[in-house]
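**Student:** Pasting the sequence and the predicted model now:
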Amino acid sequence: MKRSFFIFMTIWGLWSCGSNQDKSASNSLDDKLPKIEFADDIKNVDFGTITEGQQVERKFKFKNAGDFPLIINNVSASCGCTIPEWPREPIGPDEEGTILVRFNSKGKQGPQFKTVTIFANTNPATNDIQFKADVVAASSNSKDTTATK
């Protein structure tokens, strides 16, 4: 019984010492990982009131604030009405990139809240861009238009 307790305490002591080193090494690595920083910290956009059928788009400029190349693996939207476009090549440290988000309001009415999720080699592994729009019914003689903000 005493021997089991001694073995347990020895293993626990070695594990706890090792975990502190792993945490400090992990923290310094996390500081160097690629990091998406959006220009002016704008990750939430309000397109205001738009007419049903109107398409709006926004370019979200960002910078890789880490020490390693930023690789965006995927960008997905919460709805098929939102189409994201993103850089497919790695973005080096201190380099900039742009994610274009296009929203088609066809078949939508009322308040719309959409999220675009960026999957990359960052910590955390996902970053969100959000936007909203208030879609009003189209009059019978209006045409589809595209607006850029």
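**Tutor:** Received the coordinates, thanks.
**Student:** Quick check: bridge partners of the residue nearest the centre of the chain?
**Tutor:** Geometric centre of the chain, nearest residue: Asn127, 2.2 Å, by C-alpha atoms, centre = their mean. Beta-bridge partners for Asn127, by DSSP bridges, are Ile118.
**Student:** Read off the pLDDT value for it.
**Tutor:** Here, the pLDDT recorded for Asn127 equals 94.
**Student:** Show the contacting residues for it.
**Tutor:** By C-beta atoms under 8 Å, 6 or more residues apart in numbering, the contact set of Asn127 is Ile36, Lys43, Thr117, Ile118, Ala120. Glycine gets a C-beta too; all of them are placed from N, C-alpha and C.
**Student:** Which members of those are classed as buried?
**Tutor:** Neighbour-count burial (16 or more other C-beta atoms under 10 Å) is assigned, among the contacts of Asn127, to Ile36, Lys43, Ile118, Ala120.
**Student:** Could you measure from the third one over to Thr49?
**Tutor:** Read that as Ile118. Per C-beta to C-beta, to the nearest Å, Ile118 is found 27 Å from Thr49.
**Student:** of all the contacts of Asn127, which two lie farthest apart?
**Tutor:** Lys43 and Ala120 (14.2 Å; C-beta to C-beta).
**Student:** Now name the helix or strand holding Phe103.
**Tutor:** Using DSSP states H and E, the element containing Phe103 is strand 96-104.
**Student:** which strands and helices sit next to that strand?
**Tutor:** Here strand 96-104 touches strand 55-64, strand 72-77, strand 82-85, strand 110-120, strand 126-136, going by 3 or more C-beta pairs under 8 Å, 6 or more residues apart in numbering; DSSP states H and E.
**Student:** closest one to Thr98 among these?
**Tutor:** strand 55-64 (5.0 Å).
**Student:** Identify the neighbouring strands of that closest one in the sheet and state each direction.
**Tutor:** strand 36-38 (antiparallel), strand 96-104 (antiparallel), strand 146-148 (parallel).
**Student:** how distant is the longest one from the center of its chain?
**Tutor:** Centroid separation between strand 96-104 and its chain, computed with C-alpha atoms, centre = their mean, to the nearest Å, is 12 Å.
**Student:** likewise stretch 128-142?
**Tutor:** 23 Å.
**Student:** Tell me the buried residues in that stretch?
**Tutor:** Ile129, Phe131, Ala133, Val135, Ala138.
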